[in-house]
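Chemist: the following comprises the amino acid sequence and a computationally predicted model.
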Amino acid sequence: MSRNAEYEQRKKDGGFKKVTVWVPADRESDIKHAINELCENEHLTINVLRDLVTGRLVSMNRN
């Protein structure tokens, strides 16, 4: 088994799932940072996003 396959198996055993997501190039670092925080701190969740134009908070739970 290759080193990469072993790494991926350890992640799977740890309850993670590999997901490919296409993101805008200029937002990559923000998205990576948010995902890392969510993975490292299980008590965090995504509920609100900030609109960069208006500065307002936007609920993700709005209907």
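Modeler: Perfect, thanks for sending it.
Chemist: centroid-nearest residue for the protein?
Modeler: Nearest to the mean C-alpha position of the chain, counting by Cα atoms, centre = their mean, stands Ile35 at 2.5 Å.
Chemist: identify each buried residue in the longest helix along the chain, please.
Modeler: With DSSP state H setting the assignment, residue counts place helix 28-40 as the longest helix in the chain. Within helix 28-40, no residue is scored as buried using 16 or more other Cβ atoms under 10 Å. C-beta here means a position set from N, CA and C on the backbone, and glycine is covered the same way.
Chemist: one step back: so the residue nearest to the centre of the chain versus Ala25, what's the distance?
Modeler: Computed as Cβ to Cβ, to the nearest Å, the Ile35 to Ala25 distance reads 16 Å.
Chemist: now the strands for the protein?
Modeler: Taking DSSP state E, the strands of the chain run over residues 48-50, 57-59.
Chemist: out of these, flag the one nearest Gly14.
Modeler: Across the strands of the chain, Gly14 has its closest neighbour in strand 48-50 (27.7 Å, Cβ to Cβ).
Chemist: so which elements touch that closest one?
Modeler: strand 57-59 (3 or more Cβ pairs under 8 Å, 6 or more residues apart in numbering; DSSP states H and E).
Chemist: can you list the strands that the strand it packs on pairs with?
Modeler: strand 48-50 (antiparallel) (DSSP bridges).
Chemist: which outside residues touch the strand it pairs with?
Modeler: Arg56, Leu57, Val58, Ser59, Met60 (Cβ atoms under 8 Å, 6 or more residues apart in numbering).
Chemist: figure out which of the strands of the chain is closest to Lys17.
Modeler: strand 48-50 (22.9 Å).
Chemist: so for that closest one, what's the average pLDDT?
Modeler: The average pLDDT within strand 48-50 is 91.
Chemist: same deal with stretch 26-34?
Modeler: On average, stretch 26-34 scores 93.
Chemist: gap between it and the chain center?
Modeler: Here stretch 26-34 is found 9 Å from its chain centre; the criterion is Cα atoms, centre = their mean, to the nearest Å.
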